[in-house]
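1. Fold the following and give me the result.
(4 chains)
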Amino acid sequence: MDKTVPDLAAAIAGIDDGMTLMIGGFGGAGAPIELIHALIDRFKATGRPGNLTLINNNAGNGRIGIAAMIDAGMVSKMVCSFPRSSDPRAFTEKYLAGEIALELVPQGTLAERIRAGGAGIPAFYTPTSFGTDLAAGKPTAEFEGRMYVEERWLKADAALLKAERADTMGNLTYRKAARNFSPLMAAAARLTIVQASEVVAPGEIDPEQVITPGIFVTRVVVVPAPQQEEALIRVGAAYQ
Amino acid sequence: MDKTVPDLAAAIAGIDDGMTLMIGGFGGAGAPIELIHALIDRFKATGRPGNLTLINNNAGNGRIGIAAMIDAGMVSKMVCSFPRSSDPRAFTEKYLAGEIALELVPQGTLAERIRAGGAGIPAFYTPTSFGTDLAAGKPTAEFEGRMYVEERWLKADAALLKAERADTMGNLTYRKAARNFSPLMAAAARLTIVQASEVVAPGEIDPEQVITPGIFVTRVVVVPAPQQEEALIRVGAAYQ
Amino acid sequence: MSKLSNAQIAWRAAQDIEDGAYVNLGIGFPEMVAKFQPPGRQAIFHTENGILNFGESPAEGEEDWDLINAGKKAVTLRPGAAFFHHADSFAMVRGGHLDVAILGTYEVAENGDLANWSTGPKGVPAVGGAMDLVHGAKRVAVITDHVTKDGRPKLVKRCSLPLTGVGCVTRVYSSLAVIDIEAGRFVLREKLAGMSIDELQAVTGAELLVTANVGDLVTPEL
Amino acid sequence: MSKLSNAQIAWRAAQDIEDGAYVNLGIGFPEMVAKFQPPGRQAIFHTENGILNFGESPAEGEEDWDLINAGKKAVTLRPGAAFFHHADSFAMVRGGHLDVAILGTYEVAENGDLANWSTGPKGVPAVGGAMDLVHGAKRVAVITDHVTKDGRPKLVKRCSLPLTGVGCVTRVYSSLAVIDIEAGRFVLREKLAGMSIDELQAVTGAELLVTANVGDLVTPEL
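-> Predicted structure coming up:
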């Protein structure tokens, strides 16, 4: 079994119009910049994939990564908790012009809905958002004297993730707080695509230190010195 | 901050009659034998704690650990998925005599209910057990054309757990498959009591390799060469 | 009437497991399937208590009792193994991440219902991970003798014993035949060459749908 | 009218954080609370994006952008830190494992309702972890100016802005007073010494319950 693919283009094969994509990362930590930019390259060359729904904590920053996807016109909807950043103009402009939809989800509910998608839990109850506008229209129920909101699982056609180390069977580790949503998204997507800084042989990651077991991973591509979104934004980078 | 306590008696302080206890381990892997036996010692000396509800995957094996608690008459109810073992007589005799109650829970539902207890999720839906006797009386609901059973969280007054390594702030690692239910139980109990083979200073466990963060742990006691339940059973050990 | 040995049933089931498949084998008889992986294929075995990619039992005396499978047998690790906690383990099961689960059974019905955890109200009930495993795996297969020890059909119209799961089984590997469950019917795929369809039907508790493509169920001597 | 500076409000809030408490500080102004831990006490700080026990910001140029807090600021680790994924992080929040959450606010009502995420339908809405943080922490406190920039009360009878959470706040540290929320009432605990209760009531949007034990709100110059 070898889940590695030779290049970024092979990694993103099969991502097509109208799909829902989960994209790892919280701010710049864990953002799979190279995978995202490969998808933009394909869109610019072929006009696909467009009309995408993206699931991420944020809605892009500056003119790279998710923001560059939005600028390119690939994204029709964002599902996120915080569509703001130091430079949110890509999303903000399209949102205020009515050209992109937004499903705003509290951050913990977003994480739990993704976790539920991967774990085969179609719905769960959370105290979060009870009595607020974000619970409007959702079923509620009382348990042990307290009110809760019913939330549904989130799944995706594909997930784009950034890992630190992968083995060829898809077992993953992450770097520091770049972990964030990625282990959850790996389980919640039909096609889980990972860029890793290093790919090693099976057995070279201690089985007790695997964060994402390979069962959740479809493809691995090595990107030896990945770009860091926050560092790119601080130098004013744009991907066009 | 130092969560270590000097000895087993101090570790189990506050566990009292009628409490619900989660006990880590799957079979012998992860069973906190020394903590359990300290509790039996206290019961024999003082008559407390009795009338306990225990949550564990199994219901004791041989004449040590949970089986010895049952033999001693400390346990009024077991919540478990598989009350059988190579030598299940402690539970079997009391159960068939009507002296101990049983709540039988499918193993994955047991794990998820404990996880929900720690995560503040009062209820969730699972396909497991739908249409079976174990779903009798439980609410059901349809999501996306499939039927699911509503299950409630499980919480406990205390958890008794076995870790491999702890730091004084309560960050934990486990040994191999001795991990099983313990990270879930650590979060679902009000009082989380851990025996660890080794206790180290904060910083000596790599932050990326912590399995149970210290926020979930109340007390740590070092038990340098812990007994392994399965090994004890194979030599016919009894704790009386 | 000749029939397959347990090892031959396990062998036949093993032939359908693809290279690289993630597989959970139930406790007991189903564990035998692991021995018969075809050359050049390697499945990755999952056990409920938190291991992916475990291997064979260690030699006696070499056991590490913190390294066990769901049946509490000592196992070993293969390169590329991973440990995880019980909630993550059953996320793999319930979340549809396993390719195949192979279980034993008391009864299996033509509507896919499975009864394999309880023989009734006597004694101490125990379910373990069976009710979870029947949900989520892309293929849920059972391996079983075609009939009980006293000759009654185990493949039935409706289960009489307490259910493990509703409409969950997709394929049955029995001592006499390979049968798919499709649209609430037993569809015969393979049968022992020495047995007529009428003979097979006579020991089966529900009607067999026979298509043009019934193959011979052939296994090595084991 | 004299009032506390933001640093003084943060200082006052910090005095109530016990040694060893697990604490989440909201993005922005609440982050300042960390600077004022009393000598001999050390709280453990949680950030939504998956770190326990992070420390101060690194020197400029020393940032590691994979080591950030929920506000996307670079942080450092203290000994005994741990990383975890987002679902585990919010299990800590929602599951009641944090001792204290300290948040900023637009409005806080006498019934404990909090409004701190949206000033209305204009612009791009963003909620982040605020709605989760108000549930679960054993104490949910807000730090805030007592009135808005144009002098209207921020402590009100009922919130007029979209709610973050219902009945969730237990204590308010304002620029003028420390006020508990108990049984749907603002209970005055401390006020600036130079201010009368009538003066304080005049800038508060709901009735203050005054018990015998109102203390002086005293802070160092900061």
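
2. alpha carbons only for contacts and neighbour counts from here, please
-> OK.

3. What sits closest to residue 183 if chain neighbours are left out?
-> Here I'm looking at chain A. If the residues on either side of it in the chain are set aside, residue A:183 comes closest to residue A:212, at 5.6 Å by Cα to Cα, 6 or more residues apart in numbering or on different chains.

4. meant chain C, my bad for not saying
-> Residue C:183 sits nearest to residue C:111 (Cα to Cα, 6+ apart), 7.3 Å away.

5. Which secondary structure element is home to that neighbour?
-> Residue C:111 is part of no helix or strand, with elements assigned from DSSP states H and E.

6. likewise residue A:187?
-> With DSSP H and E as the test, residue A:187 turns up in helix A:182-188.

7. And that helix, what's buried?
-> Across helix A:182-188, burial judged by 16 or more other Cα atoms under 10 Å in any protein chain shown covers A:182, A:183, A:184, A:185, A:186, A:187, A:188.

8. any idea where the helices of chain A begin and end?
-> Using DSSP state H, the helices of chain A run over A:8-11, A:33-46, A:65-72, A:89-96, A:107-119, A:182-188, A:229-234.

9. what about the shortest one, distance to the chain center?
-> With Cα atoms, centre = their mean, to the nearest Å as the basis, helix A:8-11 stands 17 Å off its chain's centre.

10. Now do the buried residues in it.
-> For helix A:8-11, the buried set under the neighbour-count rule, 16+ other Cα under 10 Å, comprises A:8, A:11.

11. for the second one, same thing?
-> Within helix A:33-46, the residues that qualify as buried by neighbour count (16+ other Cα under 10 Å) are A:33, A:34, A:35, A:36, A:37, A:38, A:39, A:40, A:41, A:43.

12. which non-adjacent residue is nearest the fourth one?
-> The spatially closest residue to residue A:36, leaving aside those adjacent along the chain, is residue A:65, at 5.8 Å (Cα to Cα, 6+ apart).

13. do the fifth one as well
-> Nearest residue to residue A:37 in three dimensions, chain neighbours excluded: residue A:65, at 6.5 Å (Cα to Cα, 6+ apart).

14. Counting neighbours, what do you get for the residue nearest to residue A:36?
-> Counted with other Cα atoms under 10 Å in any protein chain shown, residues neighbouring residue A:65 total 28.

15. same question, the one 4 residues further on
-> A count of nearby residues for residue A:69, using other Cα under 10 Å, gives 26.

16. Surely it touches residue A:40?
-> Yes - counting by Cα atoms under 8 Å, residue A:40 is a contact partner of residue A:69 at 6.2 Å.

17. Quickly run through the sheet partners of the helix or strand bottoming out on mean pLDDT in chain C, with directions.
-> Least confident helix or strand of chain C, by mean pLDDT, DSSP states H and E, is strand C:208-216 with a mean of 93. Using DSSP bridges, strand C:208-216 pairs in its sheet with strand C:185-191 (parallel).

18. Now the strand it pairs with - C-alpha only, PDB.
-> Only the C-alpha atoms of strand C:185-191 are listed here, as PDB (Å, rounded to 0.1, in the frame of the first residue of the first chain):
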ATOM      1  CA  ARG C 185     -33.500 -11.400  -1.100                       C
ATOM      2  CA  PHE C 186     -30.800 -14.100  -0.900                       C
ATOM      3  CA  VAL C 187     -29.100 -14.100  -4.300                       C
ATOM      4  CA  LEU C 188     -27.000 -17.300  -4.900                       C
ATOM      5  CA  ARG C 189     -23.600 -16.500  -6.300                       C
ATOM      6  CA  GLU C 190     -21.600 -19.800  -5.800                       C
ATOM      7  CA  LYS C 191     -22.400 -23.200  -4.500                       C
END
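
19. Fine by me, thanks again.
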